[in-house]
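Asker: starting from these lines, generate the structure:
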Amino acid sequence: MPARQTRHVALLVETSNAYARGVLVGVKKYVEAHPGWSMYLAEHSRHETDFSWLEDWQGHGVLARIESAETASFIRRLGLPTVDLSAARLVPELPGVETDDGTIARWALRHFEERGLRHFAFCGDERFGWSLKRGAWFAEHVRERGSVPREFRMKSTGMRAADRELLAEWLRGLPKPVGVFACYDIAGQEVLEACKTADLAVPDSVAVIGVDNDELIGNLTTPPLSSIEPDTTRTGYLAAELLDLMMQGRALEPGLRLIEPTRLVTRQSSDILAVDDPLVAEALRFIRDRSDQNLAVTAVLRHIGLSRRALDHRFLRSLGRTVHGEIVRVRVAHVAELLSSTDWTLQQIAQRLRFSHSEYMSVVFKKHTGKSPGQYRRSVNGSVARQAFWSE
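Answerer: Next comes the predicted model:
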């Protein structure tokens, strides 16, 4: 193909969810850096099999989420250079780019373990290959730790009342407290709604984490949903780069190129520290619920009804830090969340969290994270995962 010829590329990627839209952003970034593409995209969902909009299309390549037999058959009929963006691998002879499901499952389990949880379960969706892989990886990681993996498989999203009751019954039967890893944010939302049906407290009895960090769903749920954020931009960019090479005549090895996720965003649905001491647990809830306040240790002592020496002793035994140390940890975590999820100035964050001034907040933050707020914000924006911070 002449180097300067416009390349006509079809995007068989749904526009109905945050993950796929993020992939399309990555494709756009590649095309901006390597102009000369004419893209064809129709609005559709995961299960779209109507490709009539490509009738009589004279194209050069395809980027596709091949998640159905119909899509696989269509791709084979086209016979064009194609990069697969699905873990289902229904056309295994193609090169593909996908999120690293093993890493996602490992991060989810580690997140629960860091909060003291010892029981783990997975809520998957049997329709999707990537969900089955995440469930298999999660079960493997759980078994490696000597625990028993438990799993519930949804058959659809937008569950009927009877289906939600089945999920609620499964949740009731799990040992508590338990960490439930949902295959994606939609499933996480269903778990949270089923917890309401089952009258189970979140996160105290059931801690929940999803995947995709869909801001709408994550903050629409009650409580807000914790989520692992895939590197969708990098996924789309690499897929476009591979397709470009194929359209230039390069032969590429089949198989998946795996992209690691970028970060884990902790929200209230998993913001728990599971401890056996009921007084420590109550103090932790009291502190967590007031992370936006300049909370004094004396306020915690009045709420619990113990002396500082007695409560510090219990905290040191359960957590390895004092009451004051936990207040600071929770406050710093809240600062980190606002640094990564907003474009607020340091002064605005300090005012929101009732620090005396932004300079003091910055000193406290750097002391406990090793980075200034500015360095931390730049590292997050540069797709550096926050696992190290949350493991402290």
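
Asker: any regions of this protein where pLDDT drops low?
Answerer: 1-4, 44-48, 156-159, 380-392 (pLDDT under 70).

Asker: which residues does the spatially most central residue of it contact?
Answerer: The centroid of the chain falls nearest to Ile228 when counting by Cα atoms, centre = their mean (1.7 Å). Listed by Cβ atoms under 8 Å, 6 or more residues apart in numbering, the contact set of Ile228 reads 104, 107-108, 209-213, 261, 263-265. From N, CA and C alone the C-beta is placed, and that goes for glycine too.

Asker: same check, this time on Ser227
Answerer: 185, 188, 209-214, 218, 264-265, 267.

Asker: return the subset of the residues you listed lying in strands.
Answerer: 209-211, 264-265 (DSSP state E).

Asker: report the two of the contacts of Ser227 separated the most.
Answerer: Maximum pairwise distance in the contacts of Ser227, criterion Cβ to Cβ, is 14.2 Å, between Asp214 and Leu264.

Asker: got the CA positions of stretch 82-95 in PDB?
Answerer: Extracted C-alpha coordinates of stretch 82-95, given in PDB (Å, rounded to 0.1, in the frame of the first residue of the first chain):
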ATOM      1  CA  THR A  82      -7.500  -7.000  12.100                       C
ATOM      2  CA  VAL A  83      -6.400  -6.600  15.700                       C
ATOM      3  CA  ASP A  84      -8.700  -8.100  18.300                       C
ATOM      4  CA  LEU A  85      -9.500  -6.200  21.500                       C
ATOM      5  CA  SER A  86     -11.300  -9.000  23.300                       C
ATOM      6  CA  ALA A  87     -10.100 -11.700  25.700                       C
ATOM      7  CA  ALA A  88     -12.500 -14.200  24.200                       C
ATOM      8  CA  ARG A  89     -10.100 -15.100  21.400                       C
ATOM      9  CA  LEU A  90     -12.800 -16.300  19.100                       C
ATOM     10  CA  VAL A  91     -10.300 -15.700  16.200                       C
ATOM     11  CA  PRO A  92      -7.100 -17.000  17.800                       C
ATOM     12  CA  GLU A  93      -5.000 -16.500  14.600                       C
ATOM     13  CA  LEU A  94      -5.200 -12.700  15.100                       C
ATOM     14  CA  PRO A  95      -3.000 -10.500  17.200                       C
END
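
Asker: what comes up buried for that stretch?
Answerer: For stretch 82-95, the buried set under the neighbour-count rule, 16 or more other Cβ atoms under 10 Å, comprises 82-91, 94-95.

Asker: most neighbours of all the ones in strands among the contacts of Ser227, which one?
Answerer: Most neighbours among the ones in strands among the contacts of Ser227, by other Cβ atoms under 10 Å: Gly210, with 32 neighbours.

Asker: Gly255: what's it in contact with?
Answerer: Contacts of Gly255 (Cβ under 8 Å, 6+ apart): 95-96.

Asker: residues in a beta bridge with it, which ones?
Answerer: Pro95 (DSSP bridges).

Asker: so which elements touch the helix or strand hosting Ala240?
Answerer: According to DSSP states H and E, Ala240 maps onto helix 232-247. Packing partners of helix 232-247 (3 or more Cβ pairs under 8 Å, 6 or more residues apart in numbering; DSSP states H and E): strand 7-12, helix 18-33, strand 61-64, strand 82-84, strand 95-99, strand 255-259.

Asker: right, and the ones you listed - which one's nearest Met361?
Answerer: Met361 lies closest to helix 18-33 among those, at 31.0 Å (Cβ to Cβ).

Asker: hmm, who's touching the one helix or strand Gln348 maps to?
Answerer: Using DSSP H and E, Gln348 maps to helix 346-352. Contacts to helix 346-352, defined as Cβ under 8 Å, 6+ apart, come from residues 292, 335, 338-339, 342, 344, 356-358, 360-362, 373.

Asker: could those go into JSON lines alongside neighbour count and secondary structure?
Answerer: Output for the contacts of helix 346-352, formatted as JSON lines (neighbours: other Cβ atoms under 10 Å; DSSP: H, G, I helix; E, B strand; the rest coil):
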{"residue": "Asp292", "neighbour count": "13", "secondary structure": "coil"}
{"residue": "Val335", "neighbour count": "24", "secondary structure": "helix"}
{"residue": "Leu338", "neighbour count": "19", "secondary structure": "helix"}
{"residue": "Leu339", "neighbour count": "22", "secondary structure": "helix"}
{"residue": "Thr342", "neighbour count": "12", "secondary structure": "coil"}
{"residue": "Trp344", "neighbour count": "13", "secondary structure": "coil"}
{"residue": "Ser356", "neighbour count": "9", "secondary structure": "coil"}
{"residue": "His357", "neighbour count": "11", "secondary structure": "coil"}
{"residue": "Ser358", "neighbour count": "16", "secondary structure": "helix"}
{"residue": "Tyr360", "neighbour count": "11", "secondary structure": "helix"}
{"residue": "Met361", "neighbour count": "22", "secondary structure": "helix"}
{"residue": "Ser362", "neighbour count": "18", "secondary structure": "helix"}
{"residue": "Pro373", "neighbour count": "21", "secondary structure": "helix"}
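
Asker: nearest to Arg257, of those?
Answerer: Nearest to Arg257 among the contacts of helix 346-352 is Leu339, at 31.0 Å by Cβ to Cβ.

Asker: disregarding flanking residues, what is the spatial nearest neighbour of that closest one?
Answerer: Arg377 (4.6 Å; Cβ to Cβ, 6 or more residues apart in numbering).

Asker: just checking, what packs against whichever helix or strand the one you found is part of?
Answerer: Arg377 belongs to helix 373-381 when assigned by DSSP H and E. Helix 373-381 sits against helix 323-341, helix 358-369, with contacts defined as 3+ Cβ pairs under 8 Å, 6+ apart.

Asker: with only the CA atoms kept, save the first one in PDB.
Answerer: Extracted as PDB, the C-alpha positions of helix 323-341 are listed here (Å, rounded to 0.1, in the frame of the first residue of the first chain):
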ATOM      1  CA  VAL A 323      -5.400   6.100  67.200                       C
ATOM      2  CA  HIS A 324      -3.600   9.300  66.100                       C
ATOM      3  CA  GLY A 325      -1.600   7.300  63.500                       C
ATOM      4  CA  GLU A 326      -4.900   6.000  62.000                       C
ATOM      5  CA  ILE A 327      -6.500   9.400  61.900                       C
ATOM      6  CA  VAL A 328      -3.500  10.800  60.000                       C
ATOM      7  CA  ARG A 329      -3.500   7.700  57.600                       C
ATOM      8  CA  VAL A 330      -7.200   8.200  56.800                       C
ATOM      9  CA  ARG A 331      -6.700  12.000  56.300                       C
ATOM     10  CA  VAL A 332      -3.700  11.500  54.000                       C
ATOM     11  CA  ALA A 333      -5.600   8.900  52.000                       C
ATOM     12  CA  HIS A 334      -8.500  11.400  51.500                       C
ATOM     13  CA  VAL A 335      -6.000  14.000  50.300                       C
ATOM     14  CA  ALA A 336      -4.600  11.500  47.800                       C
ATOM     15  CA  GLU A 337      -8.000  10.700  46.500                       C
ATOM     16  CA  LEU A 338      -8.800  14.400  45.800                       C
ATOM     17  CA  LEU A 339      -5.400  14.900  44.200                       C
ATOM     18  CA  SER A 340      -6.100  12.100  41.800                       C
ATOM     19  CA  SER A 341      -9.800  12.600  41.100                       C
END
